[in-house]
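**Q** Sequence first, then the predicted structure, then my questions.
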Amino acid sequence: MPLKRDEKGGGTNADQSISNLYCSYCYENGEFIWKGNDVHAFQDFCKNKMIEGGHSRFISWLFTRGMKRLGRWK
């Protein structure tokens, strides 16, 4: 999810500060919420969350296609 659209402003680091890398749907208290290792399953999960939140399917695909380049998945 684009951080500027995250109602919480981002996920939280272990020290409860706001993360400027990960949204509140995937990062909380310094840990990733999604425990799986499959980036494609995570992309599907995120696309569905964005669609539930009112984004179009195209925008959801567009914003999740670069996830495999995030530090978590390298």
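**A** The structure has been received and is ready for your questions.
**Q** Show me where this protein has its strands.
**A** 27-28, 31-32 (DSSP state E).
**Q** Just name the most buried of those strands.
**A** Greatest average neighbour count among these goes to strand 27-28 (a mean of 18), per mean count of other C-beta atoms under 10 Å. Quick note: C-beta positions are derived from backbone N, CA and C, even for glycine.
**Q** quick one, longest helix in the chain?
**A** helix 39-52 (DSSP state H).
**Q** Name the nearest residue to G9, sequence neighbours excluded.
**A** Among residues not flanking G9 along the chain, I18 sits closest, at 5.2 Å (C-beta to C-beta, 6 or more residues apart in numbering).
**Q** in the longest helix of the chain, what counts as buried?
**A** Using 16 or more other C-beta atoms under 10 Å as the test for burial, helix 39-52 gives V39, F42, Q43, F45, C46, K47, K49, M50.
**Q** Please apply the same query to stretch 61-74.
**A** F63, T64, M67.
**Q** In helices, which of these appear?
**A** F63, T64.
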